[in-house]
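Student: Turn this into a structure:
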Amino acid sequence: MYTIKRASEMTGLTEGTLRVWERRYGIVKPMRSEGGYRLYDDDAIRTISLVHGLVQQGWSPKNASAEIIRRREDGRHFPVAPPEVTATREIAEVDLRFRGLVAAAAALDPVAADRELDIHLDPTRFEDVADSWLMPAVRALGTAWSDGLVTIAGEHLVTRAIARRLATAYDIAGRNAQSGGRRLVIGLPPGQTHEIGLMAFAVLARRAGMSTTYLGADLPSGDWAIAASRLVPDAIVLSIAREEDLRGLNAVATTVRAHAPGVRIAVGGQQQDDAPEPCIRLGHELLPAVHRLQAVLDGAD
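Tutor: Down below sits the predicted model:
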């Protein structure tokens, strides 16, 4: 049996890609150790390597995974030629609302990316677009990457363009904010680097009248304790996207409770249901999450 680190070394894929392919395409179902860590056998390594081989020949990960699974079930030989479906045709199948952004990422075209953001990401009506366009667009971009339509460079190009827009919107909201609102410290636990959702939450919280301090990504648990002790916020807000992030969140929660026991801890993100009690779970939509946190904090008085 092999750990995910060893499986990554053997197949030439990153650990993140292995998780994405497992979750999205079901190409393997690794066993788990007593500690909950993934374990891969020889058959799983062989299957992953076959899919990776087709991707290197021009297949998208989605089509390659489906083909390997189908041929494995049928007992047939594995194909060596790429499919006829081209990346251009697959981009044409992306939801029309996000197609331009995905195409810009695929073409590594920052001008086109900025044009799409100019059209869709209006900072003056951020409450209307955060949940209806921004977060679905980020998910569409992630799907395009996992399907092989967009490179890591293309995904980074677009997400950094989005992050710049959010940073500007956050600064503008701060200049227009009124004093006296609930105080929040916002950031990500150690090991967590995907900031877009949390940055968007921070913008909405400021626009709702809260006083926010945004600390960014991958913050050590000790630094969280220092921030909570010195800033004495009403709550700290974190997000966890993967089950692997739970360890970092638990470390933050334990440390903050030891050094600043009166500070509430609120958690968003895909894995928030696994957050330890008594963390406030914010739900999976940004604007309702801001309203929920505000209501919880107001009710605590």
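
Student: My reading is that Asp218 is in a strand; is that accurate?
Tutor: No. Counting by DSSP: H, G, I helix; E, B strand; the rest coil, Asp218 is not found in a strand; it is coil.

Student: going forward, begin numbering at 32 instead of 1
Tutor: Okay, using 32 as the starting number, the last item reads as Asp249.

Student: can you tell me which helix in this protein is longest?
Tutor: Longest helix in the chain, counting residues (DSSP state H): helix 183-207.

Student: Point out where the stretch 32-181 of the chain drops to low pLDDT.
Tutor: 88, 105-120 (pLDDT under 70).

Student: What ranges does it have for its strands?
Tutor: Taking DSSP state E, counting those that start in this stretch, the strands of the stretch 32-181 of the chain run over residues 33-34, 62-63, 69-71.

Student: Could you do the stretch 182-331 of the chain as well?
Tutor: Applying DSSP E, counting those that start in this stretch to the stretch 182-331 of the chain gives strands spanning 214-218, 242-247, 266-270, 295-299, 311-312.

Student: Pick the most buried one from the strands of the stretch 32-181 of the chain.
Tutor: Highest mean neighbour count among the strands of the stretch 32-181 of the chain (mean count of other CB atoms under 10 Å): strand 69-71, with a mean of 21. Where you see a C-beta, it was placed from the backbone N, CA and C, and this is true even at glycine.

Student: Each with direction, which strands does that strand pair with?
Tutor: Sheet pairing for strand 69-71, assigned by DSSP bridges, gives strand 33-34 (antiparallel), strand 62-63 (antiparallel).

Student: hang on, the earlier thing: ok, and which of the strands of the stretch 182-331 of the chain has the densest surroundings?
Tutor: strand 266-270 (a mean of 26).

Student: TSV for the strands of the stretch 32-181 of the chain, including distance to Asp178?
Tutor: As requested, the strands of the stretch 32-181 of the chain are arranged in TSV below (distance: least, CB to CB, whole Å):
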stretch	distance to Asp178
strand 33-34	26
strand 62-63	27
strand 69-71	22
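
Student: which residues sit in contact with the residue most central in space within the chain?
Tutor: In the chain, the residue lying closest to the centroid (CA atoms, centre = their mean) is His225, at 4.9 Å. Contact analysis of His225 by CB atoms under 8 Å, 6 or more residues apart in numbering lists 219, 248, 272.

Student: List the contacts of the longest helix of the chain.
Tutor: Counting by CB under 8 Å, 6+ apart, 132, 135-139, 141, 144-145, 148, 152, 154, 157, 165, 169, 172-173, 175-176, 226-227, 230-231, 233-234, 237-238, 243, 245 sit against helix 183-207.

Student: ok, now with 6 Å
Tutor: 136-137, 139, 144, 148, 152, 154, 172, 176, 227, 230, 233-234, 237-238 (CB atoms under 6 Å, 6 or more residues apart in numbering).

Student: Can you check the contacts of His225 and name whichever has the most neighbours?
Tutor: Leu219 (27 neighbours; other CB atoms under 10 Å).

Student: how much space is there between the closest residue in space to that residue that isn't next to it in sequence and Arg206?
Tutor: Computed as CB to CB, 6 or more residues apart in numbering, the closest residue to Leu219 that is not its neighbour in sequence is Ala248, at 4.5 Å. From Ala248 over to Arg206 the distance is 24 Å, taken as CB to CB, to the nearest Å.

Student: do Gly222 as well
Tutor: Counting by CB to CB, the gap from Gly222 to Arg206 is 33 Å.

Student: Neighbour count for the two, which is higher?
Tutor: Using other CB under 10 Å as the criterion, Gly222 and Arg206 rank with Gly222 on top: 17 against 7.

Student: how about the residue lying closest to that one once chain neighbours are set aside, what does it touch?
Tutor: Leaving aside its chain neighbours, Gly222 sits nearest to Gly279 (4.7 Å; criterion: CB to CB, 6+ apart). Gly279 sits next to 220-222 when contact means CB under 6 Å, 6+ apart.

Student: okay, Gly279: pLDDT?
Tutor: The per-residue pLDDT reported for Gly279 equals 93.

Student: can you pull up the bridge partners for Arg295?
Tutor: Here Arg295, judged by DSSP bridges, has bridge partners Ala266.

Student: Perfect, I'm done here.
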